[in-house]
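> Provided below are the primary sequence and the corresponding predicted coordinates.
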Amino acid sequence: MTKCLLEYFSFGPGVRFVCSNTTEKTPKSVVLSTQGKGSLKDNIITVFGMSTFTSLQPVSISISDECRVEGFLSKPGQGTGRNSADRQYFFINGRPVDMPKVSKLVDLLESL
């Protein structure tokens, strides 16, 4: 459930998300939210923080007129990037998808 929420929170520019927690003893408290305006960059910073964003680099690859890949990848180098596959997110037409083969390919390319 958390991974699904992070996917939508991170990559839903133009949509405001608010996740809150309420218990018997405490009033409603906001755990995580996005502004609903801004860019993918703004949402990444809001959800994961500036230190994570500064370790990313933008990627834009045009495969054909109809197919374009855009997003962010970890910068190459020791000590940058993620330490597990749980922070890989893939989207097609703005919808999160599970792509284990693409995830493995990205891992392989990052290790070169």
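That came in fine, so what should we check first?
> Let me know the helix or strand that Ser64 is in.
Of the helices and strands defined by DSSP states H and E, none includes Ser64.
> neighbours around it, how many?
Burial of Ser64 is recorded as 6 neighbouring residues (other C-beta atoms under 10 Å). Placement of C-beta: from N, CA and C, glycine included.
> Look at Thr23 and give its secondary structure.
Secondary structure, DSSP: H, G, I helix; E, B strand; the rest coil: Thr23 is coil.
> Now the phi/psi pair for it, please.
With angles defined as degrees, to the nearest 10, Thr23 sits at phi -120, psi 170.
> Where is the longest helix in this protein?
Determined from DSSP state H, the single longest helix within the chain is helix 100-111.
> so what does that one touch, helix or strand wise?
Under the contact definition 3 or more C-beta pairs under 8 Å, 6 or more residues apart in numbering; DSSP states H and E, helix 100-111 sits against strand 68-74.
> contacting residues around the nearest residue to Ser33 once chain neighbours are set aside?
Spatial nearest neighbour of Ser33, excluding adjacent residues (C-beta to C-beta, 6 or more residues apart in numbering): Val18 at 4.4 Å. Residues near Val18 by C-beta atoms under 8 Å, 6 or more residues apart in numbering: Val30, Leu32, Ser33.
> Distance to Arg68 for these - can I get that in JSON lines?
Output for those, formatted as JSON lines (distance: C-beta to C-beta, whole Å):
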{"residue": "Val30", "distance to Arg68": "35"}
{"residue": "Leu32", "distance to Arg68": "29"}
{"residue": "Ser33", "distance to Arg68": "30"}
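> Tyr89: which of these is nearest?
Closest approach between the contacts of Val18 and Tyr89, by C-beta to C-beta: Leu32, at 15.4 Å.
> Could you give the number of residues near that closest one?
14.
> From Lys41, how far out is the nearest residue to it once chain neighbours are set aside?
Of all residues not flanking Leu32 in the chain, Cys19 sits nearest, at 4.7 Å (C-beta to C-beta, 6+ apart). Per C-beta to C-beta, to the nearest Å, Cys19 is found 20 Å from Lys41.
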